[in-house]
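> The following comprises the amino acid sequence and a computationally predicted model.
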Amino acid sequence: MIVVTLKSAPVEKYTRILGVGAARPDVVVTNDDVCQWIDSSDEWIRSRTGISTRRRADADTSVFDLALEAAKDGMEHAGVTGEQIDAVVVSTVSHPYATPSLAAKLADAIGATPAPAYDISAACAGYCYGIAQADALVKAGAARHVLVIGAEKLSDFIDNGERSISFLLGDGAGAAVVGPSDEPGISPTVWGSDGSKWETINMTHSMLELRNRDWVANPVEAEEKVWPTLYQDGPSVFRWAVWEMAKVAKEALDRAGISAEALGAFIPHQANMRIIDQMVKTLKVPEHVSVARDIAEMGNTSAASIPLATRRLLDEQPELSGKPALQIGFGAGLVFAAQVVILP
């Protein structure tokens with residue numbers, strides 16, 4: 001009998017986020033700017049969403065450009081180089097190519113080749129999905145350092161005259177480097193989906209619909225706006241986020257073995273300030289816990305919102321470093337994910 005012993009990669013018992021990066025576009029879009037396109041007011045938008053401005057990238061800046069800027073910033077914050085990145089995971093719903101992935105191009109741009117690289121489509125929960133996967137990859141010995149990116153140029157996929165979601169959205173990118181730790185730094189993730197509500201946040205057209213249109217036979221139809229843009233059933237999304245996601249957040253705390261009182265920060269997806277306020281109330285988050293409210297200036301940046309909000313908190317309150325934070329993402333799908341992390 002021949003006995004074969006396979007060589008195994010070193011595994012890690014614990015992981016943590018080593019650094020967080022951010023990319024914020026220069027173009028500031030005010031509520032008054034938005035009201036040129038929809039019948040609304042600065043007061044209404046602030047009272048209903050908490051948003052005063054949102055950032056959007058110019059025509060010459062791509063979602064890849066935003067992802068690369070955030071990646072470089074995150075690696076510098078973590079103190080690692082591209083050669084030390086063993087896997088690249090990018091969450092985005094606004095990469096204009098179905099294939100190849102944004103992640104593969106990004107891995108090459110940061111000097112991480114031949115690291116495995118792939119995109120995930122989990123909308124506003126995508127960053128937390130990426131953190132869950134990075135945690136598992138490092139613990140399994142499949143990678144030592146994983147770069148997780150949430151990057152969106154949502155302005156490429158909005159109709160400014162549509163008022164269910166477009167006035168909420170902004171552009172940006174956030175990054176995190178996950179690596180080994182001597183102590184627990186990422187708790188078990190609570191994640192899932194509810195496809196029965198698949199159409200609640202959706203797009204006006206699919207690419208197949210565009211391909212199948214007969215432009216010659218329907219010249220009038222060809223002049224219509226047919227580029228796929230985002231829309232949502234706002235009231236349904238609000239109710240789901242407020243009531244169901246608070247339960248997910250509570251379960252994440254339970255799995256981490258801590259209470260809301262022990263948190264240093266609460267970093268929910270920056271979807272709507274009213275949703276954030278209601279979750280704080282439902283979870284009974286104490287006043288001493290810092291609550292991320294990046295949405296006021298950035299708008300809803302989907303997969304980028306949690307790392308962007310995290311970086312702002314760390315920049316403004318460096319004393320949060322080393323403290324536990326509850327982060328939760330939720331969005332189109334409908335999908336969700338939450339975990340407690342130790343802030344870098």
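Structure's in. What do you need?
> can we go C-alpha only for contacts and neighbour counts from here?
Noted.
> Pull the contacting residues for the residue nearest to His77 when sequence neighbours are not counted.
Nearest in space to His77, with sequence neighbours left out and distances taken as Cα to Cα, 6 or more residues apart in numbering, is Gly19 at 4.8 Å. Contact analysis of Gly19 by Cα atoms under 8 Å, 6 or more residues apart in numbering lists 74-79, 176-178, 344.
> What about those residues, which are in strands?
Members of the contacts of Gly19 lying in strands (criterion: DSSP state E): 176-178.
> which one of those residues is nearest Phe266?
For the ones in strands among the contacts of Gly19, the closest approach to Phe266 (Cα to Cα) belongs to Ala176, at 17.1 Å.
> So which bits of the helix or strand containing Ile45 are buried?
Using DSSP states H and E, Ile45 sits within helix 42-49. For helix 42-49, the buried set under the neighbour-count rule, 16 or more other Cα atoms under 10 Å, comprises 42, 45, 49.
> give me the number of residues near the closest residue to the first one other than its chain neighbours?
With Cα to Cα, 6+ apart as the measure, Asn31 is the residue that lies nearest to Asp42, at 5.1 Å, once sequence neighbours are left out. Under the neighbour criterion other Cα atoms under 10 Å, Asn31 is assigned a count of 21.
> Need the contact partners of the helix holding Ile45.
Contact with helix 42-49 is made by 31-32, 35, 51-52, 168, 272-274, as judged by Cα under 8 Å, 6+ apart.
> Export it to CSV, keeping only CA atoms.
The C-alpha atoms that make up helix 42-49 are tabulated as CSV, following Å, rounded to 0.1, in the frame of the first residue of the first chain:
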residue,chain,number,x,y,z
ASP,A,42,-34.0,70.0,0.3
GLU,A,43,-36.1,69.9,3.4
TRP,A,44,-38.1,66.9,2.2
ILE,A,45,-35.0,64.9,1.3
ARG,A,46,-33.2,65.7,4.6
SER,A,47,-36.3,64.8,6.7
ARG,A,48,-37.0,61.5,4.8
THR,A,49,-33.5,60.3,4.2
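> I'd say Gly264 and Glu319 touch.
No: contact criterion Cα atoms under 8 Å: Gly264 and Glu319 do not qualify, at 9.4 Å.
> Compare these two (neighbour count), which wins?
Counted by other Cα under 10 Å, Gly264 and Glu319 do not tie: Gly264 has more neighbours, with 21 against 11.
> Quick one: residues contacting that one.
By Cα under 8 Å, 6+ apart, Gly264 lies in contact with 288-290, 320, 323-325.
> which residues in the stretch 1-150 of the chain form helices?
31-34, 42-49, 63-78, 102-109, 126-140 (DSSP state H, counting those that start in this stretch).
> Tell me the secondary structure at the residue most central in space within the chain.
The residue lying closest to the centre of the chain (Cα atoms, centre = their mean) is Ala303, at 1.9 Å. Following DSSP: H, G, I helix; E, B strand; the rest coil, the label given to Ala303 is helix.
> That one and Asp108: what is the separation?
Per Cα to Cα, to the nearest Å, Ala303 is found 22 Å from Asp108.
> Kindly report the same for Thr30.
Using Cα to Cα, Thr30 is found at 36 Å from Asp108.
> list the contacts for Gln278?
Val242.
> Then it would be within a helix, right?
Yes: using three-state DSSP, the assignment for Gln278 is a helix.
> do you know how far it is from Pro324?
21 Å.
> next SSE after the helix or strand of the chain with the lowest mean pLDDT?
The weakest-scoring helix or strand in the chain, judged by mean pLDDT, DSSP states H and E, is helix 219-222 (a mean of 51). Using DSSP H and E, the helix or strand that follows helix 219-222 towards the C-terminus is strand 230-232.
> strand partners of that next one, parallel vs antiparallel please.
Strand 230-232 has the following strand partners under DSSP bridges: strand 201-203 (antiparallel).
> For the partner strand, list every residue counted as buried.
Buried residues in strand 201-203, defined by neighbour count with 16+ other Cα under 10 Å: 201-202.
> Contacts for that strand, please.
Counting by Cα under 8 Å, 6+ apart, 228-233, 237, 331-334 sit against strand 201-203.
> And the nearest residue to Ile158 once chain neighbours are set aside, how far from Trp37?
Leaving aside its sequence neighbours, Ile158 sits nearest to Thr229 (Cα to Cα, 6+ apart; 4.8 Å). Distance, Thr229 to Trp37, by Cα to Cα: 15 Å.
> Over to Trp240?
The spacing between Trp240 and Trp37, counted by Cα to Cα, is 28 Å.
> Show me which of the two is the more surrounded one.
Taking neighbours as other Cα under 10 Å, Trp240 and Trp37 compare with Trp240 leading, 17 against 14.
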